[in-house]
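Asker: with the input below, show me the fold.
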Amino acid sequence: MTATEPTLLREPPRFSYDIRVHSWIVVKALSDAGDAIWSIALAWTAVQIASPAIAGLIVAAGTVPRALILLFGGVLADRADARRVMIVFNAARVAVLVGVALWVLAHPPTVLVLLLAAVAFGACDAFYEPSAATIGRQLVRTADLPSYSAVMQTATRLGTMGGAAAGGFLVAYAGIAGSASINAVTFALVIAFIAIWLRPRFALARADRESALRGILRGFTHLGDAPTTRTLVIALSGLNLAVGPATGIGIALRAHGEGWGAQAVGVLEGLIGLGAALGAVGVARWRPRREALGGFWALVVQGAGIILIGIGPLWLTGVGSLVIGLTAGFASVLLSATFVATIDTAYLGRMSALTRLGDDVLMPLAMAAFGALAAATATWIAFVVFGLALMGMMIVPLSNPQFRTMTLRAE
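Answerer: All right, here's what the predicted structure looks like:
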């Protein structure tokens, strides 16, 4: 199967010479760096002025409005001009950040101010992200989507890592006001780039005008009518539920239990990040002809990597961390490109929202289940169960004849 193109508005240049798309990727990476700076400033400030429980509530507060609003953001993405939606909600983010900076310059930061900022960001994310998920489909050909996704994900990871590295120093010297101001500048840069230079090359089909609730219901109906889309949405919604707890809490549990120390946690997390960047770059250099098939097989290997980080000495845990990173970067590029290329473009925003919703709603439960299983049995058992669960999940997409033959390459 080869995906069909949306309506061509203007012929894109070759991806390797596409200055507009490459510039957009750089701008997006700078914005991600600003986000990382803000996230660290928010968490650090919350810890300074509140108890650990309240600080955790502040940091997690953005996920609640995002989960509640995401499906409405998906409906908007399938109806409206993605560029306009991205500009409006980036402008809202700038307003929130400037408001926080001005407040902190005049008054000490308070729990209420930080909580309101986190909630406002979560609401903006819920409307922004489904529309942003469609923009790559409007810029490059189907055959170039894996390359676009590989470069974008690599730049995003590097931007986030660089922002995280700088965030601690910045909040120490400039406080949350300085961090918020820098992030506001990055969002303003995104707004200017989208408004002035970012122009779609492909027109996506638009959803019918109807009530938001009816639009959400129509999205679920579409899942029932499109088996390939349904399999992709379910698979992508559940991918992080196995690896997220293993890396998010499992590595810390192993380091504590084995006496490796906090520095080992940093090294292992760094190996995952390095592997993810190398895996994404690997797609640009070596890309399987059957992208979906390659992506799902990579996740089978990732299941084995989860098991490796739960057993054996530190060096074997390091190998497992690197395997998880490599397969995560490789699979996420291939599967996200397959997703964007094959979903009916009139439903792309809603389907993107559904995949994100799976993480927001189910990840806390998966984290709790991993911790409970490790406490009730042994830490290594939790790793083995979650690793085997991921490998078992891949049976469904790997046995799907459509995924076994699907290719995004031009005939």
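Asker: so for the closest residue in space to residue 258 that isn't next to it in sequence, what pLDDT did the model give?
Answerer: Counting by CB to CB, 6 or more residues apart in numbering, residue 258 lies nearest to residue 314, which is 7.3 Å off, once chain neighbours are set aside. For the C-beta atoms, the positions are set from N, CA and C on the backbone; glycine is no exception. Model confidence at residue 314, expressed as pLDDT, equals 92.
Asker: quick one: residues contacting residue 314.
Answerer: Residues in contact with residue 314, defined by CB atoms under 8 Å, 6 or more residues apart in numbering, are 258, 260, 264.
Asker: are we agreed that the second one is in a strand?
Answerer: No: according to DSSP: H, G, I helix; E, B strand; the rest coil, the state of residue 260 is coil, so it is not within a strand.
Asker: tell me the phi and psi of it?
Answerer: phi -80, psi -20 (degrees, to the nearest 10).
Asker: how close does it sit to residue 266?
Answerer: Distance of residue 260 to residue 266, computed by CB to CB, to the nearest Å: 11 Å.
Asker: the two: who's more crowded?
Answerer: Set residue 260 next to residue 266 and count neighbours by other CB atoms under 10 Å: residue 260 wins out with 17 against 12.
Asker: against residue 133, how distant is the residue lying closest to the more buried one once chain neighbours are set aside?
Answerer: What sits nearest to residue 260 in space, not counting adjacent residues and going by CB to CB, 6+ apart, is residue 314, at 5.9 Å. Going from residue 314 to residue 133 by CB to CB gives 38 Å.
Asker: go on, residue 403?
Answerer: Distance from residue 403 to residue 133, by CB to CB: 20 Å.
Asker: next one: residue 163
Answerer: Residue 163 is 21 Å from residue 133, by CB to CB.
Asker: who touches the most centrally placed residue in the chain in this structure?
Answerer: For the chain, the residue lying nearest the average C-alpha position, counting by CA atoms, centre = their mean, turns out to be residue 356 (7.9 Å). By CB under 8 Å, 6+ apart, the residues touching residue 356 are 66, 70, 129-130.
Asker: where's it, which helix or strand?
Answerer: Element membership of residue 356, judged by DSSP states H and E, is helix 348-376.
Asker: after that helix, next one along is what?
Answerer: With secondary structure assigned by DSSP H and E, helix 348-376 is succeeded by helix 379-393.
Asker: burial measure for residue 409, as a count.
Answerer: 12.
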